[in-house]
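Visitor: below: sequence and its predicted model.
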Amino acid sequence: ENGSSVDINVTSDKDAPTDEVNIETNSANGSTNSDSSEDSRSKDNETKKTKNKTLSDTAELTLPLLHTTVLGKVDTGADICSLHVDWWKADESTQPVSFGNNQISNSTYIMDMTDFQAIKLSNNEVYYRPVVKLDVVINDKLIKDVSFNLNNRDSMDEPALIGNNLLIAGKFVVKPSVGQ
């Protein structure tokens, strides 16, 4: 497995209305030791493990790098996850992307952008959203380097969309009646 270290720098300017948060993820190759006690789990733990792989139509996503937890709506038709931001700034020739989400904090987040995702609207208009990678904790399971496009989801009930990339990475089963 790859080990990761995360540097988060928060700087504040008295005259600025927000803080600026630089988020850098530096991956280094490293090995991890597996825990042999895993073989001796009880049936209760196995039942919990199976239950943790089942999602209803919504789930809580903890985003450690952003120090927040948000509600996400499962969308099996979405290729990748989407995260609400009030604004973002990036273009194809510059790295990184900066963005803000007043629901999380008054900070400006600055992260490496991994891609732009082309979105085609029903009127055939195409626009692009920046894509970043975030670690996610969902159903007590940490999933690293999950792609999220950044999008204003103000008109949506949930600030995040859970796409197929997270469903596949977590090997989740979607059962909408669960939790209702």
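Guide: Looks like it arrived, so ask away.
Visitor: pLDDT weak spots in this protein?
Guide: Scanning the chain for pLDDT under 70 picks out 1-51, 92-94, 178-180.
Visitor: which strand in it has the most residues?
Guide: Counting by DSSP state E, the longest strand found in the chain is strand 126-138.
Visitor: what comes up buried for the helix or strand just after that one?
Guide: Moving toward the C-terminus from strand 126-138, the next helix or strand (DSSP states H and E) is strand 141-151. With burial defined by 16 or more other CB atoms under 10 Å, the residues of strand 141-151 counted as buried are 143, 146-151. Quick note: C-beta positions are derived from backbone N, CA and C, even for glycine.
Visitor: what does stretch 125-136 give?
Guide: Applying 16+ other CB under 10 Å to stretch 125-136 flags 129-136 as buried.
Visitor: one more: stretch 115-123?
Guide: Buried residues in stretch 115-123 (16+ other CB under 10 Å): 116-117.
Visitor: can you list the neighbours in contact with that stretch?
Guide: Defining contact as CB atoms under 8 Å, 6 or more residues apart in numbering, one finds that stretch 115-123 is touched by 79-80, 90, 92, 126-131, 147, 149.
Visitor: out of the residues you listed, who's nearest residue 65?
Guide: Within the contacts of stretch 115-123, proximity to residue 65 (CB to CB) peaks at residue 147, which comes in at 13.7 Å.
Visitor: I'd say the closest one and residue 162 touch.
Guide: No. Taking CB atoms under 8 Å as the definition, residue 147 is not a contact partner of residue 162, at 12.0 Å.
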